[in-house]
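Asker: Give me a 3D structure for the following:
(one chain, ligands or ions: 1)
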Amino acid sequence: MLDIISVTRTFGDLTALNDVTFSVPAGRFTGFVGGNGAGKTTTMRIVMGVLAPSSGEVLWDGRPITASDRAQFGYMPEERGLYPKQPILPQLAYLGELHGMTPHDARTAARELLERFNLGERTKDKLEKLSLGNQQRVQIAGAVIASPKALILDEPFSGLDPEAVDEMFALLTEFTKRGVPVLFSSHQLELVERLCHQIVILRKGEVLAAGGVEELRAAGPTHHRIQADADLGWLRGESGVTVIDLDGPQAEVSFADDGVGQRVLAEAMARGAVRHFAPIIRPLSDYYREVTR
Ligand SMILES: Nc1ncnc2c1ncn2[C@@H]1O[C@H](COP(=O)(O)OP(=O)(O)OP(=O)(O)O)[C@@H](O)[C@H]1O
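Answerer: I've put the predicted structure just below:
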């Protein structure tokens with residue numbers, strides 16, 4: 001488990017991070033979202049020791065993180081780690097060796113990853129000769145090659161088509177299943193919502209919300225959709241009911257509390273058949289817009 005505790009970072013007069021605290025639990029995908037300049041990259045650089053915090057600390061398994069802990073992490077930096085003008089297999093293998101693999105194991109692992117990404121025929125190609133999506137796959141391969149204990153990935157899915165996203169997600173899932181914590185940043189909220197166990201929303205250097213995807217959704221106001229056979233106009237006169245939208249036998253409403261909802265359901269059933277009565281599951285992007293407004 002990775003803990004970021006009260007991390008603040010200033011650059012001159014600018015406070016890029018202000019008292020940022022959140023955890024990346026073992027075996028969980030944690031999505032890190034926030035607008036441009038929110039501080040995601042700065043946080044990841046501090047986790048990886050590329051930057052020092054002005055105050056606060058990073059813990060790994062409950063104790064201050066060390067350089068040798070970080071050497072066992074897989075990191076995909078914003079500026080990308082691999083060289084455009086070098087052939088892909090040797091540089092992946094070299095990365096593996098830097099993380100302590102034997103030359104033979106590193107070459108084997110590099111070849112296997114490239115074959116998995118259908119790049120087995122292109123091992124001698126320079127990185128820059130590949131399409132952007134394939135370059136991104138190779139960059140991700142560089143982060144995972146040495147069986148990392150944690151993965152810190154800055155925008156790993158940018159530039160990937162949906163099929164490639166699923167392919168990378170399947171790869172990363174092999175790591176979370178082994179208990180590896182994965183922190184990745186993204187601007188693609190729908191994707192974060194689909195892939196993550198938990199999410200941390202950063203705004204202007206501060207944690208605005210953090211928690212499980214379901215938990216965050218539930219934190220927003222819940223509306224219910226009702227579909228009946230008979231007209232639902234009577235809902236307008238019900239105490240504790242706010243009608244958001246009403247169109248004959250269909251309505252979107254919010255209830256003051258659960259008891260009101262149960263009373264309304266009983267009343268609707270007494271008046272005729274009820275075809276649908278359920279909370280509306282909102283995409284997290286609605287919540288995000290709400291909290292960042
Ligand atoms: N080395 C630096 N010197 C000065 N300011 C910096 C430095 N690094 C980051 N900043 C500033 O810190 C703030 C946070 O930047 P950061 O790159 O962490 O945001 P981000 O959430 O990753 O944004 P993006 O999604 O655009 O990549 C920004 O205002 C940025 O200009």
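Asker: where does the stretch 151-293 of the chain have low pLDDT?
Answerer: 219-221, 290-293 (pLDDT under 70).
Asker: unless I'm mixing things up, Ala106 is touching Gln91, no?
Answerer: No - Ala106 is beyond contact range of Gln91, at 10.6 Å (criterion: Cβ atoms under 8 Å). (Glycine included, C-beta is placed from N, CA and C.)
Asker: Of the two, which one has the most company?
Answerer: Neighbour count, other Cβ atoms under 10 Å: between Ala106 and Gln91, Ala106 has more, with 22 against 19.
Asker: got the domain boundaries for the chain?
Answerer: Annotated domains of the chain cover 2-218, 220-292 [automatic domain parsing].
Asker: does the nearest residue in space to Arg178 that is not next to it in sequence count as helix, strand or coil?
Answerer: Among residues not flanking Arg178 along the chain, Gly27 sits closest, at 7.5 Å (Cβ to Cβ, 6 or more residues apart in numbering). Following DSSP: H, G, I helix; E, B strand; the rest coil, the label given to Gly27 is coil.
Asker: and Gly27, what is it in contact with?
Answerer: Thr176, Lys177, Arg178, Gly179, Val180, Pro181 (Cβ atoms under 8 Å, 6 or more residues apart in numbering).
Asker: looking at the domains of the chain, which is buried most?
Answerer: For the domains of the chain, the largest average neighbour count (mean count of other Cβ atoms under 10 Å) is found in domain 2-218, namely a mean of 18.
Asker: For the ligand, tell me whether that one is touching it.
Answerer: Yes - interface with the ligand: domain 2-218 contributes Phe11, Leu14, Ala16, Gly34, Asn36, Gly37, Ala38, Gly39, Lys40, Thr41, Thr42 (Cβ under 6 Å from any ligand atom).
Asker: Just flag the most distant two among those.
Answerer: Using Cβ to Cβ, the residues of domain 2-218 next to the ligand reach their maximum pairwise distance at Phe11 and Gly34, which is 17.0 Å.
Asker: What separation do you get for Pro87 and the ligand?
Answerer: With distances taken as Cβ to the nearest ligand atom, to the nearest Å, Pro87 is found 29 Å from the ligand.
Asker: Just grab the bridge partners of that residue for me.
Answerer: For Pro87, the beta-bridge partners are Lys126 (DSSP bridges).
Asker: Show the backbone phi and psi for the residue positioned nearest the centre of the chain.
Answerer: Among the residues of the chain, the smallest C-alpha distance to the mean C-alpha position (Cα atoms, centre = their mean) belongs to Gly31, namely 1.8 Å. The phi/psi pair for Gly31 (degrees, to the nearest 10) reads phi -90, psi 140.
Asker: unless I'm mixing things up, it is touching Val192, no?
Answerer: Yes - contact status for Gly31 versus Val192: in contact at 3.6 Å, counting by Cβ under 8 Å.
Asker: between those two, what contacts are shared?
Answerer: Listed contacts common to Gly31 and Val192 are Ser186, Ile199; contacts here mean Cβ under 8 Å, 6+ apart.
Asker: next one: stretch 94-102 to chain centre, how far?
Answerer: Its chain's average C-alpha position is 28 Å from that of stretch 94-102, according to Cα atoms, centre = their mean, to the nearest Å.
Asker: Contacts made by that stretch with the rest, please.
Answerer: 71-72, 81-82, 103, 105-107, 109-110, 142, 145-146, 148.
Asker: Among the residues you listed, which ones are in helices?
Answerer: Among the contacts of stretch 94-102, the members found in helices (DSSP state H) are Ala71, Pro103, Asp105, Ala106, Arg107, Ala109, Ala110, Gly142.
Asker: hmm, back to that, closest to Pro77 out of the residues of domain 2-218 next to the ligand?
Answerer: Distances from Pro77 to the residues of domain 2-218 next to the ligand, taken by Cβ to Cβ, are shortest for Thr41, at 8.1 Å.
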